[in-house]
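[1] kindly return the folded structure for what I paste below:
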Amino acid sequence: MFKKLFGKNDKETILTAPVTGKVVDLTEVPDPTFSQKMMGEGLAIEPSEGKAVAPFDGEVVQLFPTKHAIGLKNKAGVEVLVHIGLETVGMNGEGFEASVKQGDKVKTGQTLVTFDLSKIEGQASSTVTPVIITNSNEYTLEFYNQGDVQAGSTEIMEIKPKAN
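    So this is what the prediction gives:
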């Protein structure tokens, strides 16, 4: 809590859960793109409600036209991809509603996308939501709160630049 209030410096990032649910180890995600960490290091969350929020203060750098995935970047340069469900690109945006657009500045906990969990369960391969640090090779990640998490408030990861 004190880290969040005072912060050690501008380069350290505390990532909060972008969705409410249960944390899943990335290696357990049934998609090799994520489980083999091809896009970067991170974790996944099995969502219990259909809302994704900003995990930190930053900017929307990419909102996929299908609204199933969103890329964010903060002032420290940390890049996060929140990918709602697996094989959800094939839903062509059905069941997804974006509250932001590319270029928008966002605050921790601000709603990014709402989604229909039952539609995803019926039309995609999984609702599990990978949360990937796409430039994780530049950072040291410390994971915590590996059980149930609350969107916008439960701290799930500390991200620090690697020492040069």
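
[2] can you tell me what sits against the biggest helix by length in the chain?
    The residue-count maximum for a helix in the chain (DSSP state H) belongs to helix 117-123. With C-beta atoms under 8 Å, 6 or more residues apart in numbering as the test, helix 117-123 has contacts from 47, 49, 50, 84, 85, 88, 90, 91, 94, 95, 127. Heads up, the C-betas are built off the backbone N, CA and C, glycines and all.

[3] 6 Å - rerun?
    50, 85, 91, 95, 127 (C-beta atoms under 6 Å, 6 or more residues apart in numbering).

[4] how many residues are close by residue 152?
    The number of residues packed near residue 152 is 20, by other C-beta atoms under 10 Å.

[5] before we move on, what SS does it have?
    coil (DSSP: H, G, I helix; E, B strand; the rest coil).

[6] and it, what is it in contact with?
    Neighbours of residue 152 in contact, by C-beta under 6 Å, 6+ apart: 16, 53, 109.

[7] now the spatially closest residue to residue 78 that is not a sequence neighbour: how far from residue 57?
    Distances taken as C-beta to C-beta, 6 or more residues apart in numbering place residue 13 nearest to residue 78, at 4.7 Å, with adjacent residues excluded. Relative to residue 57, residue 13 is positioned 10 Å away (C-beta to C-beta, to the nearest Å).

[8] next: residue 148.
    With C-beta to C-beta as the criterion, residue 148 and residue 57 are 24 Å apart.

[9] before we move on, back to that, name the nearest of the contacts of residue 152 relative to residue 137.
    residue 16 (22.4 Å; C-beta to C-beta).

[10] got the residue ranges for the strands in this structure?
    13-16, 21-24, 41-47, 51-53, 58-63, 69-73, 79-83, 96-98, 105-106, 111-115, 129-133, 139-143, 148-149, 155-161 (DSSP state E).

[11] which elements pack onto the second one?
    When contacts are defined as 3 or more C-beta pairs under 6 Å, 6 or more residues apart in numbering; DSSP states H and E, strand 21-24 sits against strand 41-47.

[12] one more pass at 8 Å, please.
    For strand 21-24, the helices and strands in contact under the criterion 3 or more C-beta pairs under 8 Å, 6 or more residues apart in numbering; DSSP states H and E are strand 41-47, strand 148-149.

[13] tell me how far the first one lies from the chain's centre.
    The gap between the average C-alpha position of strand 41-47 and the chain average comes to 7 Å, counting by C-alpha atoms, centre = their mean, to the nearest Å.
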